[in-house]
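In: coords below, sequence missing:
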């Protein structure tokens, strides 16, 4: 991210500010009211946040921005990549690609919920169908993850309150994921993709070490003391082998993280979080009430079958989301914060260099919820799923013109690249 050196302003020594459209904004009084949390704001203090602001925010947010204190800063020489990216964005908007089709999303919500409904109906018809029911409910969790992701990115409705409502319904109530927890984590991921210590998605210590810098961070942990390297020597050589089994647990991990996050929301320093804490807690409680009711009263009265049903639904939902999330970024370049600044990577180049697409096909498009077009999604987070294919042709052309590598490969090849990255890192560090 390019660091812009602004002249002295009336903000004095206050560091809680960033630059948008050649204006330096003081956000110190807004930090604890930002709906997306303060962490995402902190990552851009002192930086030019123009592109990331436009990528995520509505017209209402633009109005709020204009109400904040600001001063003009000297205009820098325009980055040709960002100039052309603005033209690309205008092309996509003029083509109507940023507008969602209500009929498409009615279809997606209905067909996704149909998996959950089918799971319950199968148990009512005959409890001997419990295995088919578990498969169906697991696929519901996997597919609902993508649809709730789209609502939380405000891709569907122009009224963001409606998107949030559907996010709470499909995310909290139906899946047990906290919308607020997800937005804080996911927005930071989008803003600082594959940047160590800034992107929470690649912070997988101590289970996985992706780079030498990750290893250096792990060695500095006080929790394990001088035995850190010794302890890691037992697990690191095998990380490429336990990676795929680990993917099964992602849904359970996210549910636990959501519950822990929501538990403390009522006393959070963010006023926006406190305001939403009651709704978050109620909707998460309701999720576990309906899910445990199915498990206890509809699944056959056998402890082994109940456990099997639980793990099948959780593992299908977890693996189906985890493998796509890992595929899209983990075998791509990683940066430290210093390297990101030293290379002067703008928002566009950072997103493309740290993101990989999966080769389009009917099956992968459906299984990945369109997120095999991850480059397009990262450049335009509010772009509806059904328009990603059309946008990809324009993005490919843009990347070719600017000599930015557009990374795309087959699904199984992409997974093999992840395993190779883990194995190469383990081998490299074993020699250190």
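Out: On my side now, so go ahead. What you are looking at is a predicted structure, and each value in this text was computed from that prediction instead of being measured. Numbers count the residues shown, from 1 in each chain.

In: what number of residues lie near residue 124?
Out: With neighbours defined by other CB atoms under 10 Å, the count for residue 124 comes to 10. From N, CA and C alone the C-beta is placed, and that goes for glycine too.

In: Nearest residue to it in space, ignoring adjacent ones along the chain?
Out: Closest residue to residue 124 in three dimensions, ignoring its sequence neighbours and counting by CB to CB, 6 or more residues apart in numbering: residue 298, at 7.1 Å.

In: How many residues are close by that neighbour?
Out: 16.

In: for residue 430, same thing?
Out: Close neighbours of residue 430, defined as other CB under 10 Å, add up to 10.

In: who are the neighbours in contact with residue 153?
Out: Applying CB atoms under 8 Å, 6 or more residues apart in numbering, we find residue 153 in contact with 381-382.

In: So the residue nearest to residue 124 sits against residue 129, correct?
Out: No - contact between residue 298 and residue 129 fails when scored by CB atoms under 8 Å: they sit 10.6 Å apart.

In: Identify the contacts common to those two.
Out: residue 123.

In: what secondary structure does the residue positioned nearest the centre of the chain sit in?
Out: Closest residue to the average C-alpha location of the chain: residue 186 at 3.6 Å, with CA atoms, centre = their mean. Using DSSP: H, G, I helix; E, B strand; the rest coil, the three-state assignment for residue 186 comes out as helix.

In: Quickly note the distance from it to residue 359.
Out: Noted for residue 186: a distance of 25 Å to residue 359, by CB to CB, to the nearest Å.

In: So the closest residue to residue 112 other than its chain neighbours, which state does it fall into?
Out: Sequence neighbours aside, residue 143 is the residue nearest to residue 112 in space, at 4.7 Å (criterion: CB to CB, 6+ apart). Recorded secondary structure, residue 143: helix (three-state DSSP).

In: check contacts around residue 143.
Out: Residue 143 touches 112, 115, 369, counting by CB under 8 Å, 6+ apart.

In: ok, the residue nearest to the centre of the chain touching residue 152?
Out: Yes - using CB under 8 Å, residue 186 is in contact with residue 152, at 7.5 Å.

In: So what touches the helix or strand harbouring residue 116?
Out: Using DSSP states H and E, residue 116 falls within helix 102-125. The contact list for helix 102-125, computed with CB under 8 Å, 6+ apart, reads 129-130, 132-134, 136-137, 139-140, 143-144, 147, 150, 156, 166, 170, 174, 294, 298-299, 384-386.

In: which one of the contacts of residue 143 has the most neighbours?
Out: Result: residue 369 is most packed of the contacts of residue 143 (other CB under 10 Å), 24 neighbours.

In: Give the full set of residues in contact with the closest residue to that residue other than its chain neighbours.
Out: With sequence-adjacent residues excluded and distances taken as CB to CB, 6+ apart, residue 369 is closest to residue 146, at 2.5 Å. Listed by CB under 8 Å, 6+ apart, the contact partners of residue 146 are 368-371, 385.

In: how much space between residue 146 and residue 15?
Out: In terms of CB to CB, residue 146 sits 38 Å off from residue 15.

In: can you check residue 109 too?
Out: 43 Å.

In: Show me which of these two is the more surrounded one.
Out: Taking other CB under 10 Å, residue 109 and residue 15 do not tie; residue 109 has more neighbours (19 against 11).

In: now the strands: where do they sit in the stretch 51-200 of the chain?
Out: Under the criterion DSSP state E, counting those that start in this stretch, the stretch 51-200 of the chain carries strands at the ranges 70-72.

In: which stretches of it form helices?
Out: For the stretch 51-200 of the chain, helices defined by DSSP state H, counting those that start in this stretch occupy the ranges 59-66, 80-94, 102-125, 130-152, 160-167, 174-175, 179-191.

In: low pLDDT regions in the stretch 151-300 of the chain?
Out: Low-confidence segments of the stretch 151-300 of the chain, defined by pLDDT under 70, span residues 218-229.

In: Check which helices and strands the helix or strand hosting residue 324 sits against.
Out: Here residue 324, judged by DSSP H and E, is contained in helix 303-329. With contacts taken as 3 or more CB pairs under 8 Å, 6 or more residues apart in numbering; DSSP states H and E, helix 303-329 sits against helix 130-152, helix 239-247, helix 250-263, strand 357-358, helix 411-431.

In: Can you give me the buried ones in the third one?
Out: Going back to what we said before, that points to helix 250-263. 250-252, 254-255, 258-259, 261-262 (16 or more other CB atoms under 10 Å).

In: which one of those is nearest residue 24?
Out: When the buried residues of helix 250-263 are compared for distance to residue 24 (CB to CB), residue 261 comes out closest, at 32.0 Å.

In: how much space between that closest one and residue 121?
Out: 33 Å.

In: same question, residue 17
Out: Distance from residue 17 to residue 121, counting by CB to CB: 56 Å.

In: Between the two, which has more neighbouring residues?
Out: Using other CB under 10 Å as the criterion, residue 17 and residue 121 rank with residue 17 on top: 24 against 13.

In: Wait, residue 70 touches residue 23, no?
Out: Yes - counting by CB under 8 Å, residue 70 touches residue 23, with 4.4 Å between them.

In: Look at those two and report which has more neighbours.
Out: Counted by other CB under 10 Å, residue 70 and residue 23 do not tie: residue 70 has more neighbours, with 21 against 17.

In: Enumerate every residue touching the more buried one.
Out: Neighbouring residues of residue 70 by CB under 8 Å, 6+ apart: 23-26.

In: export those residues to JSON lines and tack on pLDDT and distance to residue 234?
Out: Shown next, in JSON lines, are these (pLDDT from 0 to 100; distance: CB to CB, whole Å):
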{"residue": "23", "pLDDT": "72", "distance to residue 234": "53"}
{"residue": "24", "pLDDT": "77", "distance to residue 234": "50"}
{"residue": "25", "pLDDT": "78", "distance to residue 234": "49"}
{"residue": "26", "pLDDT": "78", "distance to residue 234": "50"}
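
In: Let me know the closest of the residues you listed to residue 284.
Out: Using CB to CB, the contacts of residue 70 come closest to residue 284 at residue 25, 34.5 Å.
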